[in-house]
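*Asks:* sharing a model that was predicted from the sequence below.
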Amino acid sequence: MLKDKLARNISIYRKEKGLTQEELAQLLRISSQAVSKWENAQTMPDISLLPSLSRILEVSVDKLLGYVAQDKRITIYEDEYLTEEYYWGTEPNTACYQVLQLMPPTKHLKLLDVGCGEGKDAVFFARNGYDVSAFDLTDAGIEKTRRLADQTGVHVNVFKADLLEFRLDTHYDIIFSSGVLHYIKPDYREEIFDNYKRFTNDNGIHVLNVFVNKPFIAPPPEKETNAYKWRSGELLAHYHDWLIRDSAEIVFDCNSSGIPHKHAMTTMAAQKVTSLGSCHVCGN
């Protein structure tokens, strides 16, 4: 619903600006109770306030209302997820084992799987004791994630969200994403990663990968119209202020479309270190 989207977005973007409800109300010359009601989806702002709200929060009115232009499907795999079989299988990505190594679940750890697809990685993490949330844009992917979790006897808090729209408003210890970040438009990358970094607990980690373009590798045969180019080093640049625990650029064979081809990919694990005394790089 529009009211719910607007409520969530006002809350998210207000917190990103570091404003309390009272401070936002003062800037708009309204009561703090009015802002509280907006964020609880009890009421909506008067249309005359939207331009001022947009200016203060530094986001467009369209983005406040939850409109992110998508004239085509986000992923070409939506139809594939409608089958009974798991298109990507049920074995976890190798990057999952890196999470286990860098931040084993020896205590309660909250993990978010960004763009979980059919849920194989999210369910693997839940099986290993993490408190897992996951989101995807495809209804079929979400349903298959729930089914796999039920079959495995674990719980995954899986929900539907658009990668371009969704912003965190709660903290996690681990953010994981594999094979998804190429759907982020270049104009949104800084904002999205700043949000992910801000809502990561101290000493938390991000384990991510992204396809990168190389002149010696032919474009993939899938021809995804909603995929956007990344350059070598671009992902790392978003984490210049974090400790890079591991990074590599790999070339691998793929047959996802039935046509053998190759991909180049940047893989990265980064840690949010607030002081040398609290850094767990030595496992202490």
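*Replies:* Okay, I see it.
*Asks:* so where's the chain shaky on pLDDT?
*Replies:* Residue ranges of the chain with pLDDT under 70: 1, 67-79, 257, 276-284.
*Asks:* what's the domain layout of it?
*Replies:* 2-64, 80-278 (automatic domain parsing).
*Asks:* mind putting the ones you listed into a markdown table with mean neighbour count?
*Replies:* The way it works is simple: take the backbone N, C-alpha and C, and place the C-beta from them, glycine included. Putting those into a markdown table (neighbours: other Cβ atoms under 10 Å) gives the following:
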| stretch | mean neighbour count |
| --- | --- |
| domain 2-64 | 16 |
| domain 80-278 | 17 |
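*Asks:* just the strands in this structure please.
*Replies:* Taking DSSP state E, the strands of the chain run over residues 110-114, 131-136, 157-160, 172-177, 200-212, 243-254, 261-271.
*Asks:* reformat those strands as CSV; add distance to R55.
*Replies:* Output for those, formatted as CSV (distance: least, Cβ to Cβ, whole Å):
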stretch, distance to R55
strand 110-114, 29
strand 131-136, 29
strand 157-160, 30
strand 172-177, 30
strand 200-212, 28
strand 243-254, 36
strand 261-271, 33
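*Asks:* ok, which of the ones you listed comes nearest G18?
*Replies:* strand 200-212 (16.6 Å; Cβ to Cβ).
*Asks:* and that closest one, what other elements does it pack with?
*Replies:* When contacts are defined as 3 or more Cβ pairs under 8 Å, 6 or more residues apart in numbering; DSSP states H and E, strand 200-212 sits against helix 94-102, strand 172-177, helix 234-237, strand 261-271.
*Asks:* that strand versus strand 261-271: what angle between them?
*Replies:* For strand 200-212 against strand 261-271, the angle by axes from the mean of the first three to the mean of the last three Cα atoms, to 10 degrees is 160 degrees.
*Asks:* tell me the strands beside strand 200-212, with direction?
*Replies:* strand 172-177 (parallel), strand 261-271 (antiparallel) (DSSP bridges).
*Asks:* could I get these as a markdown table with distance to K15?
*Replies:* Shown next, in a markdown table, are these (distance: least, Cβ to Cβ, whole Å):
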| stretch | distance to K15 |
| --- | --- |
| strand 172-177 | 15 |
| strand 261-271 | 22 |
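*Asks:* R8 is nearest to which of those?
*Replies:* Closest of the strands paired with strand 200-212 to R8 is strand 172-177, at 17.1 Å (criterion: Cβ to Cβ).
*Asks:* next one: G117 from Q33, what distance?
*Replies:* Separation of G117 from Q33 (Cβ to Cβ, to the nearest Å): 42 Å.
*Asks:* can you report how many residues lie near G66?
*Replies:* G66 is flanked by 15 other residues according to other Cβ atoms under 10 Å.
*Asks:* surely it meets L6?
*Replies:* Yes - counting by Cβ atoms under 8 Å, G66 touches L6, with 6.9 Å between them.
*Asks:* how about the helices and strands packed on strand 200-212 in a markdown table, adding distance to R245?
*Replies:* Output for those, formatted as a markdown table (distance: least, Cβ to Cβ, whole Å):
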| stretch | distance to R245 |
| --- | --- |
| helix 94-102 | 6 |
| strand 172-177 | 12 |
| helix 234-237 | 12 |
| strand 261-271 | 4 |
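*Asks:* for V154, find the nearest of the ones you listed.
*Replies:* It's helix 94-102; of the helices and strands packed on strand 200-212, that one is closest to V154 (Cβ to Cβ) at 14.1 Å.
*Asks:* what's the angle from the closest one to strand 261-271?
*Replies:* Using the same axes, to 10 degrees, the inter-axis angle of helix 94-102 relative to strand 261-271 is 20 degrees.
*Asks:* the chain should start at 121 in everything you say after this.
*Replies:* Sure thing, new numbering starts at 121, so read that last one as helix 214-222.
*Asks:* can you tell me the closest non-neighbouring residue to K137?
*Replies:* L177 (5.9 Å; Cβ to Cβ, 6 or more residues apart in numbering).
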